[in-house]
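K.L.:
return atomic coordinates for the entry below.
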Amino acid sequence: MSEQTVFKQTRAYKMEVAEDTLNNPSANTTFGDVVNNRLGRRDALKGMLAVTALSSTTGILGTAISATPASAEALTHFKFEEIQHGVDEKHHVAKGYDADILLRWGDPLFKGAPQFDPMNQSKAAQEKQFGYNNDFIGFIPLGGSNDRALLCVNHEYTNEELMFPGLGRQDKAKYVGMTQEIVDVEMAAHGGSIIELKKEAGKWKAVIGSNFNRRITATTEMALSGPVAGSKFVKTKADPTGKQVFGTLNNCAGGITPWGTYLMAEENFNGYFWNKEAVSDHPNAEMLKRYGAPGQWYNWGAYYDRFDIAKEPNEIHRFGWIVEVDPMDPTSIPKKRTAMGRFKHEGAETILNKDGRVTVYSGDDERGDYLYKFVSKGKYDPVNREANMNLLDEGTLFVARFDANGTVHWLPLVHGEGPLTKGNGFENQAEVLVFARKAGDLLGATKMDRPEDVQPNAKTNKVYVCLTNNKHRGSKHPVDAANPRTKNPFGHIVEISPENNDHAASVGTWNILVQGGNPNKPDQGAVFNKATSENGWFGSPDNAAVDGKGRLWIATDQGSNWPKTGTADGIWALETEGPQRGTGKMFFRVPIGAEMCGPCFSSDDSALFLAVQHPAADGAKAFPGFERNSTFEDPATRWPDFKPSIPPRPSIVVVRKQGGGAIGT
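P.N.:
Got it, this is the predicted structure:
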């Protein structure tokens, strides 16, 4: 089976073929090796990390207790009646809460924008409508009000078999049904949306036609800034200056800065590039392979030369960055901040360090790749927003090495330091950043099990790393301390504590908070607190959010592997402190085939915004009673409209407590 076919079958799925290609050939230590060294191979192989042994384990897994259900309820920080595991055509939320649809793919955002018509889509219409496959959500209050805000939403990618009538899966048909008009709609459905919200009668509503509203797409003008701007690696025929680029792609998670800008992370950019036959003649053929390019998951390169690596060999280097957008100015030009490195960014979550500098955490979402952080050179000025607008252009990018003694070392990606020299293939800092993966290889960073969202907690200064899964762990990637299970289909969460609460420090300590899977099946090696109920465990943690009280909430992405847990993806509240540490509690569940993305709280915690991505896509063949591939005409669910003429639509859901109040209290 070709890589392209595998990708199309699982595409929501976090571009699963990208992680299956094993693009990291380095001999670097894996996180599994680290755990193995710390705990001992014999104990790890015996399943010592299973929940049955957790009560006797300290240090790496924290301290567990044998809590009774009654004491668990009394001690929990989360006051809601959890929902049950399961899967069906609808979404579900905890009792006492409403979960309303706020925005759907195709909803008009501007005055005069056409209403959604799935039978007559066009580039012009989609550019004025809410995009497809909503992922990251950012919330920015307006004017210090609890009643007005901007919502910033990423649109990661498109599923043509669910978007367009009569098209079906194009991988098996070799794209014979695709046209430039369809490609243009796909490009317009990518990127992001910025929407003003207003609270009316206690409910948030989109302000259609607001001057703040904006669509960012795969053709939006952007600027390259920082050390790579103007370098030879990003100059093209269309842009000989190497400073102007059009569009952003595969925007997965993201972040909001302390000065109120919106960070869009470019993840699986490699899949949009075309012409595998030209790889051997490419000037950076080795690095194309290291980044899994060209993936050729879309046929955009058949219509636009910039996506053909033979015709524009440097265009691919202009993607894989963090894009900063000023949502307060819809006419502003977004900037790709190259000082933060080029890789498959999953998220860009910021925390203000105690010395005033800003730290941004980001995972490289591929099996066997690395965890990074960026520390700004300059300091945040709380009274001068303009002074902060270029903070992300200067600073130091670090990659993580996890040691078996519980120490994490942050290794600087700085040209001329250590192995990052001309003799090892790096002429300057621009080359280090363009090929950050290679730099991480040489520095000896730890290979991780798909590092996705990385969420710092400003209340505790701890950092939570969601590691989604790695089916190659134990075979091609040996187990280690921070990635302790063979094959690891269910993922885990690593907790990092920076030294002296200093997020700019070069060292810290780490523990494993939980290991996903069913604790009642010892062979899965799941680790949760014994107080966790039969519905409180989860698999494949992906995104995370910390509410105003410092509590952690986890979103999952099992892809088509949800039958292995028997439940759809959703939101779980997760205890991180005290005797209930490691206890999960299920709050929300998505419909069949969907992925749970973008948990984001309003500033007063009275609303939780959730992104339900690609409903009907993942694992439809395993859905009892359906058991076939989903298509536009025949989807596994028609959520959220449930009308026979309307296909499933990725949507934003807003959850609020009936009668008001903070979520989860």
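
K.L.:
any idea which helix or strand of the chain has the worst average confidence?
P.N.:
helix 3-9 (a mean of 36; mean pLDDT, DSSP states H and E).

K.L.:
for residue 278, give me phi and psi.
P.N.:
Backbone torsions of residue 278, given as degrees, to the nearest 10, read phi -90, psi 0.

K.L.:
ok, it - contacts?
P.N.:
Shown in contact with residue 278 (Cβ atoms under 8 Å, 6 or more residues apart in numbering): 308-310. (C-beta placed from N, C-alpha, C; glycine too.)

K.L.:
hmm, 7 Å instead?
P.N.:
309-310 (Cβ atoms under 7 Å, 6 or more residues apart in numbering).

K.L.:
swap in the one 10 residues further on?
P.N.:
Applying Cβ under 7 Å, 6+ apart, we find residue 288 in contact with 279, 282.

K.L.:
doesn't it lie inside a helix?
P.N.:
Yes - using DSSP: H, G, I helix; E, B strand; the rest coil, the assignment for residue 288 is a helix.

K.L.:
roughly how far apart are the closest residue to residue 364 other than its chain neighbours and residue 413?
P.N.:
Using Cβ to Cβ, 6 or more residues apart in numbering and skipping the chain neighbours, the partner closest in space to residue 364 is residue 343 (4.2 Å). Distance, residue 343 to residue 413, using Cβ to Cβ, to the nearest Å: 11 Å.

K.L.:
any chance you could map the helices in the protein?
P.N.:
Along the chain, counting by DSSP state H, helices occupy 3-9, 16-20, 31-39, 41-45, 69-75, 123-126, 160-163, 180-189, 285-290, 429-434, 436-443.

K.L.:
contacts for the last one?
P.N.:
When you say that, I think you mean helix 436-443. 26, 28, 287, 290-291, 341-343, 369-370, 397, 399, 411, 413, 418-420, 424, 432.

K.L.:
just the buried ones among these, please.
P.N.:
Buried residues within the contacts of helix 436-443, counting neighbours by 16 or more other Cβ atoms under 10 Å: 26, 28, 287, 290-291, 341-343, 369-370, 397, 399, 411, 413, 420, 432.

K.L.:
pick out the shakiest of the helices of the chain, pLDDT-wise.
P.N.:
Ranked by mean pLDDT, the helices of the chain bottom out at helix 3-9, which scores a mean of 36.

K.L.:
okay, now residue 156: neighbour count?
P.N.:
30 (other Cβ atoms under 10 Å).

K.L.:
and the strands in the stretch 201-350 of the chain?
P.N.:
All strands of the stretch 201-350 of the chain, identified by DSSP state E, counting those that start in this stretch, fall at 203-206, 214-216, 221-225, 244-246, 251-256, 262-266, 322-325, 335-337, 345-352.

K.L.:
can you add mean neighbour count and mean pLDDT and give the ones you listed back as CSV?
P.N.:
Shown next, in CSV, are the strands of the stretch 201-350 of the chain (neighbours: other Cβ atoms under 10 Å; pLDDT from 0 to 100):
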stretch, mean neighbour count, mean pLDDT
strand 203-206, 18, 97
strand 214-216, 24, 98
strand 221-225, 18, 98
strand 244-246, 20, 98
strand 251-256, 28, 97
strand 262-266, 29, 98
strand 322-325, 27, 98
strand 335-337, 25, 98
strand 345-352, 26, 97
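
K.L.:
turn the ones you listed into JSON lines, columns for distance to residue 509.
P.N.:
Converted to JSON lines, the strands of the stretch 201-350 of the chain look like this (distance: least, Cβ to Cβ, whole Å):
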{"stretch": "strand 203-206", "distance to residue 509": "39"}
{"stretch": "strand 214-216", "distance to residue 509": "39"}
{"stretch": "strand 221-225", "distance to residue 509": "34"}
{"stretch": "strand 244-246", "distance to residue 509": "39"}
{"stretch": "strand 251-256", "distance to residue 509": "24"}
{"stretch": "strand 262-266", "distance to residue 509": "26"}
{"stretch": "strand 322-325", "distance to residue 509": "27"}
{"stretch": "strand 335-337", "distance to residue 509": "29"}
{"stretch": "strand 345-352", "distance to residue 509": "17"}
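
K.L.:
for residue 315, which of these is the nearest?
P.N.:
Distance to residue 315, taken as Cβ to Cβ, is lowest for strand 244-246 among the strands of the stretch 201-350 of the chain, at 8.3 Å.

K.L.:
the closest one pairs with which strands, parallel or anti?
P.N.:
strand 221-225 (antiparallel) (DSSP bridges).

K.L.:
can you dump the C-alpha atoms of the strand it pairs with in CSV for me?
P.N.:
Taking Å, rounded to 0.1, in the frame of the first residue of the first chain, the C-alpha atoms of strand 221-225 are listed here in CSV:
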residue,chain,number,x,y,z
GLU,A,221,0.1,37.5,1.7
MET,A,222,2.6,37.0,4.5
ALA,A,223,6.1,38.1,5.4
LEU,A,224,9.1,36.0,6.4
SER,A,225,10.9,37.6,9.4
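
K.L.:
tilt between that strand and strand 262-266?
P.N.:
90 degrees (axes from the mean of the first three to the mean of the last three Cα atoms, to 10 degrees).

K.L.:
mind listing residues that contact strand 221-225?
P.N.:
So strand 221-225 is contacted by 234, 242-246, 248, 318, 323, 333-338, 393 (Cβ under 7 Å, 6+ apart).

K.L.:
which pair in these spans the largest distance?
P.N.:
Farthest pair in the contacts of strand 221-225, by Cβ to Cβ: 246 and 393, 20.3 Å.

K.L.:
tell me how many other residues crowd residue 453.
P.N.:
33.

K.L.:
do residue 161 as well
P.N.:
Residue 161: 23 neighbours (other Cβ under 10 Å).

K.L.:
what of the one 10 residues further on?
P.N.:
The number of residues packed around residue 171, counting by other Cβ under 10 Å, is 19.

K.L.:
I'd say residue 133 and residue 615 touch.
P.N.:
No - contact criterion Cβ atoms under 7 Å: residue 133 and residue 615 do not qualify, at 10.1 Å.
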